[in-house]
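Undergrad: predicted model and sequence follow; I will ask about them next.
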Amino acid sequence: MSKKNIEESVRDTLDQYFKDLHGAEPHSLHDLVMASAEKPLLEVVMRQADGNQSKAAEWLGINRNTLRRKLLDHRLIK
């Protein structure tokens, strides 16, 4: 069995999303996808980095303060 890459998984999920709309037109799809992907991305990266924000920020290619703000925004830290 071959593993899907992230791009294929996103494509499949979006195809299913459009099927589930049953012909209705989507609105603000870009914002929806970005918001839907960011939280699980942060959760997984933080878990893989054992909670180390500096390491996670480096892996994500963002500033540690930006990571902290995103974690707060998604209520992943207090």
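TA: Perfect, thanks for sending it.

Undergrad: please make it C-alpha for all contacts and neighbour counts, starting now.
TA: Fine.

Undergrad: distance from the centroid: which residue in the protein tops it?
TA: Relative to the mean C-alpha coordinate of the chain, counting by CA atoms, centre = their mean, the farthest residue is Gly23 (25.9 Å).

Undergrad: wait, isn't Ala49 in contact with Ala57?
TA: No. The criterion here is CA atoms under 8 Å, and Ala49 misses it with Ala57 at 9.5 Å.

Undergrad: of the two, which one has the most company?
TA: Ala57 (20 against 15; other CA atoms under 10 Å).

Undergrad: correct me, but the more buried one touches Leu71?
TA: No. Using CA under 8 Å, Ala57 is not in contact with Leu71, being 10.9 Å away.

Undergrad: what's the mean pLDDT across the longest helix anywhere in the chain?
TA: For the chain, the helix with the greatest residue count under DSSP state H is helix 29-48. The average pLDDT within helix 29-48 is 95.

Undergrad: show me what counts as buried in it.
TA: Of all the residues in helix 29-48, those buried under the rule 16 or more other CA atoms under 10 Å are Lys39, Leu42, Val45, Met46.

Undergrad: what about the spatially most central residue of the chain, distance to Gly23?
TA: Relative to the mean C-alpha position of the chain, the nearest C-alpha, by CA atoms, centre = their mean, is the one of Ala37, at 2.2 Å. In this view, Ala37 and Gly23 are 24 Å apart by CA to CA, to the nearest Å.
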